[in-house]
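Chemist: predicted structure and sequence below. I'll ask about it afterward.
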Amino acid sequence: MRREGKYYLVREYTSTGDKEYYDLSERYFTEDQPEPVALSKIDATTTLFDSARDFFTLVDGEPMQRDSGVGLYIESVPAKESELPKRLTPVFNDQTLNALAKVTEDGVNFTGNEQYSFLLAAIREIIDRNNGFARSVIEATSEDTKLNDECRTLVSKQSYNPNSDMFPQFMEQFGSYKQCRALYLGYKRHKIREEEKKKREGVQPGI
């Protein structure tokens, strides 16, 4: 059984710095810290909403004010007392991440069509040395997209020596939801940049 880290979904009022924590069991925000949960459980919730505004509207039972000055982030629970909490960005309106977030005791379940298709697509992008994806994955420093040493090494090996036999290793290493999430968000950003580049290149001068 894989051990996932624990996290809080935090709402912070920027003008005062006051914090509220979302209780996934009771489905409301509270000033008292509830039991922290797996990152996958937070993603499985937020990805169902179009935006943070929609999420707040449902939870609070009233439309969110545009000038409310509210921030929303995911905060890790440090594994050691000497560590500081880390912040991640909540993800909204994302069917693929929602599918990946439905983890089993063994981690991410890649037997589902959407989960399997994503991992296969990511590996294909890693193998293509011309698109820069593998390098961006290996060098990522953002808490949302940074991989651990084992996953970076695997991506590097696949990039420099494409081997279809590595697929089981990808399923094993990225069975960790945190690592799978980081790979997916990096892949998502990469595809968005590709689409933006195509649009720019497709614009004719004077049009």
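Modeler: The structure has been received and is ready for your questions. Values in this document were obtained by computation on a predicted structure and should not be read as measured data.

Chemist: look through this protein and tell me its longest helix.
Modeler: Ranked by residue count and defined by DSSP state H, the top helix of the chain is helix 177-202.

Chemist: okay, helices next: where are they in the protein?
Modeler: Ranges of helices in the chain, per DSSP H, are 39-46, 52-60, 95-100, 113-127, 133-139, 149-160, 167-173, 177-202.

Chemist: out of these, which is closest to residue 27?
Modeler: Nearest to residue 27, of all the helices of the chain, is helix 52-60, at 6.7 Å by Cβ to Cβ. Backbone N, C-alpha and C define where each C-beta goes, glycine included.

Chemist: now do that closest one: which elements does it pack against?
Modeler: Judged by 3 or more Cβ pairs under 8 Å, 6 or more residues apart in numbering; DSSP states H and E, helix 52-60 is in contact with strand 28-30, strand 70-76.

Chemist: what are the buried residues along that helix?
Modeler: 52-56 (16 or more other Cβ atoms under 10 Å).

Chemist: as JSON lines, those residues with distance to residue 158 and pLDDT would be great.
Modeler: As requested, the buried residues of helix 52-60 are exported to JSON lines (distance: Cβ to Cβ, whole Å; pLDDT from 0 to 100):
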{"residue": "52", "distance to residue 158": "35", "pLDDT": "92"}
{"residue": "53", "distance to residue 158": "39", "pLDDT": "91"}
{"residue": "54", "distance to residue 158": "38", "pLDDT": "93"}
{"residue": "55", "distance to residue 158": "36", "pLDDT": "94"}
{"residue": "56", "distance to residue 158": "41", "pLDDT": "93"}
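
Chemist: who are the contact partners of the residue most central in space within the chain?
Modeler: The centroid of the chain falls nearest to residue 181 when counting by Cα atoms, centre = their mean (4.1 Å). Contacts for residue 181 (Cβ atoms under 8 Å, 6 or more residues apart in numbering) come out as 39-40, 43, 97, 100, 144.

Chemist: same thing with residue 46?
Modeler: Counted by Cβ under 8 Å, 6+ apart, residue 46 has contacts 9, 55, 90-92.

Chemist: again, only this time at 10 Å
Modeler: 9, 22, 52, 54-55, 72, 74, 89-94, 97-98, 101 (Cβ atoms under 10 Å, 6 or more residues apart in numbering).

Chemist: residue 52 now?
Modeler: Applying Cβ under 10 Å, 6+ apart, we find residue 52 in contact with 11, 46, 64, 70-72, 90, 92.
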